[in-house]
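Asks: sequence? don't have it. structure:
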Ligand code: TRP
Ligand code: SF4
(Lines give C-alpha, C1' and ligand atoms only; values in the text may rest on other atoms or scores of the structure.)
(Ligands and ions follow the chains in the order given, each with its own letter.)
Protein backbone atom coordinates (compact mmCIF):
# COMPACT_ATOMS: atom_id res chain seq x y z
CA UNK A 1 0.00 0.00 0.00
CA UNK A 2 2.86 2.33 0.80
CA UNK A 3 4.28 2.17 -2.68
CA UNK A 4 0.97 3.08 -4.23
CA UNK A 5 0.54 5.85 -1.79
CA UNK A 6 3.78 7.47 -2.87
CA UNK A 7 2.54 7.71 -6.43
CA UNK A 8 -0.84 8.82 -5.14
CA UNK A 9 0.71 11.63 -3.18
CA UNK A 10 2.39 12.97 -6.26
CA UNK A 11 -0.87 12.89 -8.11
CA UNK A 12 -2.63 14.39 -5.17
CA UNK A 13 -0.32 17.34 -5.15
CA UNK A 14 -0.96 17.81 -8.86
CA UNK A 15 -4.67 17.74 -8.22
CA UNK A 16 -4.27 20.26 -5.44
CA UNK A 17 -2.94 22.72 -7.92
CA UNK A 18 0.74 22.06 -7.51
CA UNK A 19 1.23 21.46 -11.20
CA UNK A 20 4.53 19.72 -11.70
CA UNK A 21 6.14 17.20 -9.51
CA UNK A 22 8.56 17.51 -6.71
CA UNK A 23 10.35 14.33 -7.64
CA UNK A 24 13.83 15.51 -8.42
CA UNK A 25 14.01 13.57 -11.64
CA UNK A 26 12.79 15.67 -14.41
CA UNK A 27 12.56 13.00 -17.05
CA UNK A 28 10.44 10.87 -14.75
CA UNK A 29 8.01 13.68 -14.15
CA UNK A 30 7.54 14.20 -17.83
CA UNK A 31 6.88 10.52 -18.33
CA UNK A 32 4.65 10.31 -15.34
CA UNK A 33 2.66 13.20 -16.67
CA UNK A 34 1.44 11.11 -19.54
CA UNK A 35 -0.38 8.71 -17.29
CA UNK A 36 -4.01 8.08 -17.92
CA UNK A 37 -6.84 9.42 -15.83
CA UNK A 38 -10.45 8.38 -16.10
CA UNK A 39 -13.52 9.60 -14.29
CA UNK A 40 -17.25 9.69 -14.81
CA UNK A 41 -20.28 11.52 -13.51
CA UNK A 42 -23.90 10.56 -13.59
CA UNK A 43 -25.93 12.82 -15.84
CA UNK A 44 -27.97 14.68 -13.27
CA UNK A 45 -28.41 17.74 -15.50
CA UNK A 46 -27.10 21.16 -14.66
CA UNK A 47 -24.34 21.01 -12.07
CA UNK A 48 -24.33 22.88 -8.78
CA UNK A 49 -21.62 24.31 -6.60
CA UNK A 50 -21.26 20.98 -4.84
CA UNK A 51 -19.92 19.55 -8.11
CA UNK A 52 -17.68 22.46 -8.92
CA UNK A 53 -14.63 21.31 -6.98
CA UNK A 54 -14.58 17.97 -8.76
CA UNK A 55 -14.88 19.53 -12.16
CA UNK A 56 -12.11 21.97 -11.34
CA UNK A 57 -9.95 19.03 -10.34
CA UNK A 58 -10.60 17.48 -13.73
CA UNK A 59 -9.65 20.73 -15.42
CA UNK A 60 -6.37 20.71 -13.55
CA UNK A 61 -5.61 17.07 -14.20
CA UNK A 62 -6.09 17.47 -17.94
CA UNK A 63 -3.04 19.73 -18.02
CA UNK A 64 -0.76 16.94 -16.90
CA UNK A 65 -2.43 13.64 -17.70
CA UNK A 66 -4.12 11.94 -20.56
CA UNK A 67 -7.71 12.31 -19.40
CA UNK A 68 -10.96 10.55 -20.20
CA UNK A 69 -14.10 12.04 -18.69
CA UNK A 70 -17.45 10.51 -19.37
CA UNK A 71 -21.17 10.78 -18.81
CA UNK A 72 -22.18 7.71 -16.80
CA UNK A 73 -25.65 7.35 -18.28
CA UNK A 74 -25.96 3.61 -17.70
CA UNK A 75 -25.07 4.22 -14.08
CA UNK A 76 -28.00 6.59 -13.78
CA UNK A 77 -30.28 3.76 -14.87
CA UNK A 78 -28.99 1.41 -12.18
CA UNK A 79 -30.87 3.44 -9.60
CA UNK A 80 -33.34 5.53 -11.58
CA UNK A 81 -34.70 3.10 -14.12
CA UNK A 82 -38.25 3.96 -13.10
CA UNK A 83 -38.10 7.72 -13.29
CA UNK A 84 -38.57 9.46 -16.56
CA UNK A 85 -35.31 11.12 -17.38
CA UNK A 86 -34.18 12.83 -20.47
CA UNK A 87 -30.70 11.39 -20.32
CA UNK A 88 -29.54 13.14 -23.44
CA UNK A 89 -30.66 16.54 -22.21
CA UNK A 90 -29.13 15.88 -18.81
CA UNK A 91 -25.91 14.79 -20.43
CA UNK A 92 -25.72 17.90 -22.60
CA UNK A 93 -26.45 20.15 -19.64
CA UNK A 94 -23.79 18.49 -17.59
CA UNK A 95 -21.21 18.59 -20.34
CA UNK A 96 -21.90 22.27 -20.96
CA UNK A 97 -21.07 22.87 -17.32
CA UNK A 98 -17.87 20.82 -17.62
CA UNK A 99 -16.82 22.89 -20.59
CA UNK A 100 -17.79 26.17 -18.96
CA UNK A 101 -15.83 25.22 -15.85
CA UNK A 102 -12.69 24.69 -17.88
CA UNK A 103 -12.66 21.09 -19.02
CA UNK A 104 -11.03 21.35 -22.42
CA UNK A 105 -11.97 18.91 -25.17
CA UNK A 106 -8.69 19.42 -26.96
CA UNK A 107 -6.85 18.19 -23.86
CA UNK A 108 -9.28 15.61 -22.53
CA UNK A 109 -11.53 13.07 -24.20
CA UNK A 110 -15.18 13.66 -23.27
CA UNK A 111 -17.63 10.91 -24.06
CA UNK A 112 -20.85 9.14 -23.17
CA UNK A 113 -20.72 5.69 -21.62
CA UNK A 114 -23.61 4.16 -23.55
CA UNK A 115 -22.04 5.27 -26.83
CA UNK A 116 -19.09 3.01 -26.16
CA UNK A 117 -20.72 -0.42 -25.92
CA UNK A 118 -17.37 -2.01 -25.08
CA UNK A 119 -18.08 -0.99 -21.49
CA UNK A 120 -21.01 -3.39 -21.49
CA UNK A 121 -19.04 -6.18 -23.06
CA UNK A 122 -16.24 -5.84 -20.55
CA UNK A 123 -18.78 -5.68 -17.74
CA UNK A 124 -20.24 -8.96 -18.95
CA UNK A 125 -16.87 -10.65 -19.26
CA UNK A 126 -15.72 -9.44 -15.85
CA UNK A 127 -18.97 -10.63 -14.34
CA UNK A 128 -17.90 -14.18 -15.16
CA UNK A 129 -14.98 -14.00 -12.76
CA UNK A 130 -16.39 -11.76 -10.04
CA UNK A 131 -17.53 -13.58 -6.91
CA UNK A 132 -20.97 -12.48 -5.75
CA UNK A 133 -19.65 -11.82 -2.28
CA UNK A 134 -17.35 -9.10 -3.56
CA UNK A 135 -20.33 -7.17 -4.85
CA UNK A 136 -22.54 -7.82 -1.85
CA UNK A 137 -19.77 -6.51 0.38
CA UNK A 138 -19.39 -3.15 -1.39
CA UNK A 139 -20.52 -0.67 1.28
CA UNK A 140 -22.71 1.37 -1.04
CA UNK A 141 -24.80 -1.69 -1.87
CA UNK A 142 -26.66 -1.95 1.41
CA UNK A 143 -26.37 1.76 2.25
CA UNK A 144 -28.02 2.91 -0.93
CA UNK A 145 -30.73 0.30 -0.72
CA UNK A 146 -31.53 1.71 2.70
CA UNK A 147 -31.32 5.30 1.61
CA UNK A 148 -33.29 5.00 -1.60
CA UNK A 149 -36.08 2.96 -0.05
CA UNK A 150 -38.74 4.22 -2.43
CA UNK A 151 -36.91 2.58 -5.35
CA UNK A 152 -36.71 -1.16 -5.67
CA UNK A 153 -32.98 -1.73 -5.81
CA UNK A 154 -33.03 -5.49 -5.42
CA UNK A 155 -32.02 -5.67 -9.07
CA UNK A 156 -29.25 -7.42 -10.89
CA UNK A 157 -28.13 -4.10 -12.41
CA UNK A 158 -27.82 -2.40 -9.07
CA UNK A 159 -25.79 -5.21 -7.55
CA UNK A 160 -23.51 -5.16 -10.57
CA UNK A 161 -23.12 -1.42 -10.73
CA UNK A 162 -19.70 -1.26 -9.05
CA UNK A 163 -18.50 -3.86 -11.52
CA UNK A 164 -19.78 -1.73 -14.37
CA UNK A 165 -17.65 1.00 -12.89
CA UNK A 166 -14.70 -1.40 -12.89
CA UNK A 167 -15.32 -2.05 -16.57
CA UNK A 168 -15.43 1.73 -17.19
CA UNK A 169 -12.00 2.06 -15.66
CA UNK A 170 -10.36 -1.08 -16.98
CA UNK A 171 -11.58 -0.59 -20.55
CA UNK A 172 -9.09 2.30 -20.72
CA UNK A 173 -6.45 0.71 -18.48
CA UNK A 174 -6.57 3.94 -16.53
CA UNK A 175 -4.01 4.35 -13.79
CA UNK A 176 -5.68 7.11 -11.84
CA UNK A 177 -9.32 7.59 -10.96
CA UNK A 178 -10.27 10.88 -9.31
CA UNK A 179 -13.32 10.23 -7.14
CA UNK A 180 -15.01 11.26 -3.94
CA UNK A 181 -14.55 9.27 -0.75
CA UNK A 182 -17.81 7.37 -1.36
CA UNK A 183 -16.32 5.84 -4.50
CA UNK A 184 -13.02 4.59 -3.13
CA UNK A 185 -14.47 1.16 -2.40
CA UNK A 186 -15.40 0.85 -6.06
CA UNK A 187 -11.85 1.53 -7.15
CA UNK A 188 -10.71 -1.03 -4.59
CA UNK A 189 -13.08 -3.58 -6.11
CA UNK A 190 -11.67 -2.71 -9.52
CA UNK A 191 -8.18 -3.49 -8.29
CA UNK A 192 -9.27 -6.87 -6.99
CA UNK A 193 -11.08 -7.72 -10.19
CA UNK A 194 -8.08 -6.70 -12.29
CA UNK A 195 -5.78 -8.78 -10.13
CA UNK A 196 -8.02 -11.79 -10.46
CA UNK A 197 -8.31 -11.31 -14.19
CA UNK A 198 -4.55 -11.11 -14.64
CA UNK A 199 -4.06 -14.12 -12.44
CA UNK A 200 -6.61 -16.17 -14.38
CA UNK A 201 -5.71 -15.09 -17.88
CA UNK A 202 -2.21 -13.67 -17.73
CA UNK A 203 -0.41 -16.91 -17.05
CA UNK A 204 1.65 -18.53 -19.77
CA UNK A 205 4.19 -21.29 -20.14
CA UNK A 206 7.72 -20.05 -19.96
CA UNK A 207 6.59 -16.73 -18.52
CA UNK A 208 9.88 -16.03 -16.84
CA UNK A 209 11.95 -16.68 -19.95
CA UNK A 210 9.58 -14.61 -22.03
CA UNK A 211 9.76 -11.75 -19.56
CA UNK A 212 13.54 -11.84 -19.53
CA UNK A 213 13.65 -11.88 -23.31
CA UNK A 214 11.29 -8.92 -23.33
CA UNK A 215 13.57 -7.02 -20.96
CA UNK A 216 16.50 -7.69 -23.26
CA UNK A 217 14.56 -6.16 -26.12
CA UNK A 218 14.62 -2.80 -24.35
CA UNK A 219 18.34 -2.59 -24.97
CA UNK A 220 21.21 -3.37 -22.66
CA UNK A 221 21.12 -0.25 -20.54
CA UNK A 222 17.42 -0.14 -19.91
CA UNK A 223 17.22 -3.88 -19.38
CA UNK A 224 19.83 -3.53 -16.66
CA UNK A 225 17.89 -0.68 -15.06
CA UNK A 226 14.73 -2.76 -15.20
CA UNK A 227 16.39 -5.68 -13.49
CA UNK A 228 17.84 -3.43 -10.79
CA UNK A 229 14.55 -1.72 -10.09
CA UNK A 230 12.74 -5.03 -10.00
CA UNK A 231 15.25 -6.39 -7.54
CA UNK A 232 15.00 -3.27 -5.36
CA UNK A 233 11.29 -3.79 -5.17
CA UNK A 234 11.31 -7.52 -4.66
CA UNK A 235 14.16 -7.68 -2.18
CA UNK A 236 13.71 -4.43 -0.28
CA UNK A 237 10.08 -3.61 -0.97
CA UNK A 238 11.14 -0.33 -2.52
CA UNK A 239 7.88 1.10 -3.81
CA UNK A 240 9.49 3.97 -5.66
CA UNK A 241 11.59 1.50 -7.58
CA UNK A 242 8.46 -0.37 -8.59
CA UNK A 243 6.81 2.80 -9.76
CA UNK A 244 9.90 3.83 -11.71
CA UNK A 245 10.12 0.43 -13.31
CA UNK A 246 6.50 0.66 -14.37
CA UNK A 247 7.07 4.03 -15.92
CA UNK A 248 10.14 2.71 -17.67
CA UNK A 249 8.11 -0.10 -19.20
CA UNK A 250 5.13 2.07 -20.02
CA UNK A 251 7.32 4.51 -21.88
CA UNK A 252 9.12 2.03 -24.10
CA UNK A 253 7.88 2.79 -27.59
CA UNK A 254 9.00 -0.37 -29.37
CA UNK A 255 7.73 -3.04 -27.03
CA UNK A 256 4.87 -5.18 -28.22
CA UNK A 257 1.77 -5.14 -26.07
CA UNK A 258 2.40 -8.69 -24.90
CA UNK A 259 5.98 -7.88 -23.89
CA UNK A 260 4.82 -4.81 -22.04
CA UNK A 261 2.33 -6.90 -20.12
CA UNK A 262 4.96 -9.49 -19.32
CA UNK A 263 7.35 -6.87 -18.03
CA UNK A 264 4.68 -5.28 -15.90
CA UNK A 265 3.65 -8.63 -14.49
CA UNK A 266 7.21 -9.79 -13.89
CA UNK A 267 7.83 -6.84 -11.60
CA UNK A 268 5.45 -8.28 -9.07
CA UNK A 269 4.60 -11.83 -9.94
CA UNK A 270 4.40 -14.51 -12.56
CA UNK A 271 1.63 -13.48 -14.91
CA UNK A 272 1.08 -10.81 -17.53
CA UNK A 273 -0.67 -7.62 -16.50
CA UNK A 274 -3.45 -7.30 -19.02
CA UNK A 275 -5.63 -5.05 -16.91
CA UNK A 276 -3.52 -2.78 -14.70
CA UNK A 277 -4.75 -1.96 -11.22
CA UNK A 278 -5.93 1.64 -10.99
CA UNK A 279 -5.55 3.94 -8.08
CA UNK A 280 -8.13 6.22 -6.55
CA UNK A 281 -7.22 9.88 -6.37
CA UNK A 282 -9.24 11.43 -3.60
CA UNK A 283 -10.41 14.81 -4.71
CA UNK A 284 -9.12 17.21 -2.08
CA UNK A 285 -12.16 19.41 -2.04
CA UNK A 286 -13.92 20.59 1.10
CA UNK A 287 -17.54 19.52 1.20
CA UNK A 288 -19.69 22.30 -0.12
CA UNK A 289 -22.48 23.11 2.31
CA UNK A 290 -25.96 23.59 0.94
CA UNK A 291 -28.18 26.59 1.59
CA UNK A 292 -29.57 24.88 4.68
CA UNK A 293 -26.24 23.78 6.11
CA UNK A 294 -26.61 20.16 5.07
CA UNK A 295 -24.45 18.82 2.25
CA UNK A 296 -25.37 20.50 -1.04
CA UNK A 297 -27.50 18.05 -2.97
CA UNK A 298 -30.25 18.17 -5.51
CA UNK A 299 -32.37 15.82 -3.44
CA UNK A 300 -32.34 18.26 -0.53
CA UNK A 301 -33.33 21.19 -2.76
CA UNK A 302 -30.58 23.30 -1.22
CA UNK A 303 -28.36 23.98 -4.21
CA UNK A 304 -26.89 26.87 -6.07
CA UNK A 305 -26.59 25.83 -9.69
CA UNK A 306 -23.50 26.93 -11.56
CA UNK A 307 -25.81 28.56 -14.06
CA UNK A 308 -28.16 30.26 -11.60
CA UNK A 309 -28.40 33.88 -12.76
CA UNK A 310 -27.00 36.53 -10.39
CA UNK A 311 -30.46 37.64 -9.22
CA UNK A 312 -31.35 34.10 -8.27
CA UNK A 313 -28.10 33.64 -6.40
CA UNK A 314 -28.83 36.81 -4.48
CA UNK A 315 -32.36 35.73 -3.73
CA UNK A 316 -31.38 32.26 -2.59
CA UNK A 317 -28.72 33.58 -0.25
CA UNK A 318 -30.83 36.40 1.12
CA UNK A 319 -33.53 33.90 2.04
CA UNK A 320 -31.08 31.47 3.66
CA UNK A 321 -31.76 30.42 7.22
CA UNK A 322 -29.44 32.03 9.75
CA UNK A 323 -28.91 31.36 13.44
CA UNK A 324 -32.49 30.91 14.68
CA UNK A 325 -31.56 32.86 17.83
CA UNK A 326 -31.20 36.04 15.76
CA UNK A 327 -34.84 36.95 15.48
CA UNK A 328 -34.25 40.69 15.57
CA UNK A 329 -31.34 42.67 14.23
CA UNK A 330 -30.39 43.53 17.81
CA UNK A 331 -30.18 39.87 18.92
CA UNK A 332 -26.63 38.53 18.98
CA UNK A 333 -25.97 35.34 17.05
CA UNK A 334 -23.58 32.44 16.94
CA UNK A 335 -21.91 31.78 13.58
CA UNK A 336 -21.42 28.14 14.50
CA UNK A 337 -25.18 27.71 14.37
CA UNK A 338 -25.51 29.41 11.01
CA UNK A 339 -25.08 27.94 7.53
CA UNK A 340 -23.97 31.34 6.21
CA UNK A 341 -20.85 30.99 8.32
CA UNK A 342 -19.98 27.78 6.49
CA UNK A 343 -19.92 29.79 3.28
CA UNK A 344 -17.64 32.34 4.91
CA UNK A 345 -15.27 29.55 5.79
CA UNK A 346 -14.96 28.79 2.11
CA UNK A 347 -15.20 32.21 0.54
CA UNK A 348 -13.79 34.66 3.09
CA UNK A 349 -10.28 35.44 4.22
CA UNK A 350 -9.28 35.66 7.86
CA UNK A 351 -10.03 39.36 8.18
CA UNK A 352 -13.52 38.99 6.85
CA UNK A 353 -14.14 35.92 8.97
CA UNK A 354 -13.12 37.88 12.07
CA UNK A 355 -15.50 40.63 11.02
CA UNK A 356 -18.34 38.09 10.82
CA UNK A 357 -17.63 36.43 14.15
CA UNK A 358 -17.27 39.68 16.00
CA UNK A 359 -20.17 41.42 14.25
CA UNK A 360 -22.53 38.48 14.65
CA UNK A 361 -21.89 37.78 18.31
CA UNK A 362 -22.15 41.46 19.24
CA UNK A 363 -25.10 42.16 16.94
CA UNK A 364 -22.85 44.74 15.33
CA UNK A 365 -23.78 43.58 11.83
CA UNK A 366 -27.06 42.37 10.41
CA UNK A 367 -27.48 39.11 8.57
CA UNK A 368 -27.96 40.88 5.27
CA UNK A 369 -24.63 42.69 5.78
CA UNK A 370 -23.09 39.35 6.54
CA UNK A 371 -24.50 37.70 3.45
CA UNK A 372 -23.56 40.46 1.03
CA UNK A 373 -19.90 39.49 0.56
CA UNK A 374 -20.94 35.87 0.00
CA UNK A 375 -23.37 36.93 -2.70
CA UNK A 376 -20.64 39.00 -4.33
CA UNK A 377 -18.07 36.22 -4.18
CA UNK A 378 -20.32 33.56 -5.64
CA UNK A 379 -21.68 35.82 -8.35
CA UNK A 380 -18.15 36.87 -9.20
CA UNK A 381 -16.81 33.35 -9.22
CA UNK A 382 -19.54 32.11 -11.51
CA UNK A 383 -19.68 35.05 -13.91
CA UNK A 384 -16.98 33.88 -16.35
CA UNK A 385 -18.31 30.34 -16.23
CA UNK A 386 -21.81 31.55 -17.01
CA UNK A 387 -20.61 33.59 -19.97
CA UNK A 388 -18.91 30.53 -21.39
CA UNK A 389 -21.91 28.32 -20.67
CA UNK A 390 -24.21 30.62 -22.57
CA UNK A 391 -21.98 30.38 -25.61
CA UNK A 392 -22.24 26.60 -25.52
CA UNK A 393 -25.99 26.75 -24.85
CA UNK A 394 -26.32 28.65 -28.10
CA UNK A 395 -24.23 26.15 -29.99
CA UNK A 396 -25.53 22.71 -29.11
CA UNK A 397 -24.22 21.20 -32.35
CA UNK A 398 -20.75 22.08 -31.13
CA UNK A 399 -21.35 20.29 -27.83
CA UNK A 400 -22.77 17.28 -29.62
CA UNK A 401 -19.76 17.22 -31.88
CA UNK A 402 -17.35 17.32 -28.99
CA UNK A 403 -19.05 14.23 -27.62
CA UNK A 404 -19.18 12.53 -30.97
CA UNK A 405 -15.46 12.93 -31.46
CA UNK A 406 -14.83 11.89 -27.89
CA UNK A 407 -16.99 8.80 -28.29
CA UNK A 408 -14.98 7.76 -31.31
CA UNK A 409 -11.66 8.29 -29.61
CA UNK A 410 -12.78 6.49 -26.47
CA UNK A 411 -14.17 3.65 -28.48
CA UNK A 412 -10.92 3.10 -30.26
CA UNK A 413 -9.13 2.80 -26.96
CA UNK A 414 -11.72 0.52 -25.39
CA UNK A 415 -11.74 -1.65 -28.49
CA UNK A 416 -8.03 -2.30 -28.21
CA UNK A 417 -8.48 -3.47 -24.63
CA UNK A 418 -11.43 -5.66 -25.54
CA UNK A 419 -9.58 -7.27 -28.42
CA UNK A 420 -7.06 -8.41 -25.95
CA UNK A 421 -9.48 -9.43 -23.25
CA UNK A 422 -11.40 -11.54 -25.75
CA UNK A 423 -8.22 -13.11 -26.97
CA UNK A 424 -7.01 -14.24 -23.56
CA UNK A 425 -10.46 -15.48 -22.61
CA UNK A 426 -10.48 -17.73 -25.64
CA UNK A 427 -12.93 -15.65 -27.64
CA UNK A 428 -10.93 -15.14 -30.77
CA UNK A 429 -12.87 -16.08 -33.86
CA UNK A 430 -11.08 -15.74 -37.14
N1 LIG B 1 -20.14 5.77 -9.82
C2 LIG B 1 -19.73 7.15 -9.97
C3 LIG B 1 -20.71 8.04 -9.23
O4 LIG B 1 -21.81 7.64 -8.95
C5 LIG B 1 -19.68 7.56 -11.42
C6 LIG B 1 -18.78 6.66 -12.19
C7 LIG B 1 -19.17 5.66 -13.01
C8 LIG B 1 -17.36 6.67 -12.19
N9 LIG B 1 -18.11 5.06 -13.55
C10 LIG B 1 -16.97 5.64 -13.07
C11 LIG B 1 -16.40 7.45 -11.55
C12 LIG B 1 -15.64 5.34 -13.32
C13 LIG B 1 -15.06 7.13 -11.79
C14 LIG B 1 -14.69 6.10 -12.66
O15 LIG B 1 -20.34 9.16 -8.93
FE1 SF4 C 1 -25.35 33.97 10.33
FE2 SF4 C 1 -23.97 36.09 9.62
FE3 SF4 C 1 -26.42 36.35 10.59
FE4 SF4 C 1 -24.44 35.59 12.17
S5 SF4 C 1 -24.64 37.56 11.11
S6 SF4 C 1 -26.47 34.69 12.09
S7 SF4 C 1 -23.22 34.38 10.81
S8 SF4 C 1 -25.85 35.40 8.70
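Replies: Sure thing, it's come through. As the structure is a computational prediction, the values presented were derived from the model and not from experiment. Ligands and ions are numbered 1, 2, ... in the order given.
Asks: list, one by one, the residues from the stretch 251-400 of the chain near ligand 2.
Replies: 322-323, 326, 333, 335, 338, 340-341, 356, 360, 365, 367, 370-371 (Cβ under 6 Å from any ligand atom). (C-beta placed from N, C-alpha, C; glycine too.)
Asks: which residues are in contact with residue 40?
Replies: 69, 70, 71, 72, 75, 113, 165, 168 (Cβ atoms under 8 Å, 6 or more residues apart in numbering).
Asks: so the fifth one sits in a strand?
Replies: Meaning residue 75. No - assigned with DSSP: H, G, I helix; E, B strand; the rest coil, residue 75 falls outside any strand and is helix.
Asks: remind me, longest helix of the chain?
Replies: For the chain, the helix with the greatest residue count under DSSP state H is helix 396-424.
Asks: follow-up on the earlier one: just the buried ones from the residues of the stretch 251-400 of the chain next to ligand 2, in PyMOL syntax?
Replies: Selection of buried members from these for PyMOL, criterion 16 or more other Cβ atoms under 10 Å:
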select buried, resi 322+323+326+333+335+338+340+341+356+360+365+367+370+371
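Asks: quick revisit: which strands and helices sit next to the longest helix of the chain?
Replies: strand 66-71, helix 87-100, strand 108-112, helix 118-127, helix 184-201 (3 or more Cβ pairs under 8 Å, 6 or more residues apart in numbering; DSSP states H and E).
Asks: identify each buried residue in the second one, please.
Replies: So the one you mean is helix 87-100. Buried, per 16+ other Cβ under 10 Å, within helix 87-100: 87, 90, 91, 92, 93, 94, 95, 96, 97, 98, 99, 100.
Asks: quick check: the gap between residue 289 and residue 311.
Replies: Residue 289 sits 22 Å away from residue 311, going by Cβ to Cβ, to the nearest Å.
Asks: rewinding a little: I'd like the buried residues of helix 87-100 as a markdown table, with pLDDT appended.
Replies: Listed next are those as a markdown table, based on pLDDT from 0 to 100:
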| residue | pLDDT |
| --- | --- |
| 87 | 94 |
| 90 | 95 |
| 91 | 97 |
| 92 | 97 |
| 93 | 97 |
| 94 | 97 |
| 95 | 98 |
| 96 | 98 |
| 97 | 98 |
| 98 | 98 |
| 99 | 98 |
| 100 | 97 |
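Asks: picking that back up, now the residues of the stretch 251-400 of the chain next to ligand 2 in TSV, with pLDDT?
Replies: Below are those laid out as TSV (pLDDT from 0 to 100):
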residue	pLDDT
322	95
323	94
326	92
333	95
335	96
338	95
340	96
341	96
356	96
360	95
365	95
367	95
370	97
371	97
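Asks: sitting in helices, which of the residues of the stretch 251-400 of the chain next to ligand 2 do you find?
Replies: Using DSSP H, those in helices are 340, 341, 356, 360, 367, 370, 371.
Asks: tell me which residues touch the nearest residue to the second one once chain neighbours are set aside, please.
Replies: If the residues on either side of it in the chain are set aside, residue 341 comes closest to residue 335, at 3.7 Å by Cβ to Cβ, 6 or more residues apart in numbering. When contacts are counted by Cβ under 8 Å, 6+ apart, residue 335 touches 323, 341, 344, 356, 357, 360, 361.
Asks: looking at the residues you listed, which is nearest residue 389?
Replies: residue 344 (26.4 Å; Cβ to Cβ).
Asks: surely the closest one and residue 374 touch.
Replies: Yes - at 6.7 Å, residue 344 counts as touching residue 374 under the criterion of Cβ atoms under 8 Å.
Asks: what ranges do the helices span in the stretch 201-350 of the chain?
Replies: 207-216, 220-236, 239-250, 257-268, 310-318, 339-347, 350-361 (DSSP state H, counting those that start in this stretch).
Asks: quick one: buried residues of the last one?
Replies: Taking 16+ other Cβ under 10 Å as the basis for neighbour counts, the residues of helix 350-361 that come out buried are 355, 356, 357, 359, 360.
Asks: next, the most centrally placed residue in the chain: phi, psi?
Replies: Residue closest to the mean C-alpha point of the chain, counted by Cα atoms, centre = their mean, is residue 178 at 3.0 Å. Dihedral pair for residue 178: phi -70, psi 120, per degrees, to the nearest 10.
Asks: likewise residue 394?
Replies: According to degrees, to the nearest 10, residue 394 has phi -80, psi 0.
Asks: what does the stretch 51-200 of the chain have sitting close to ligand 1?
Replies: Residues of the stretch 51-200 of the chain lying near ligand 1 (Cβ under 6 Å from any ligand atom): 72, 75, 165, 168, 169, 177, 179, 183.
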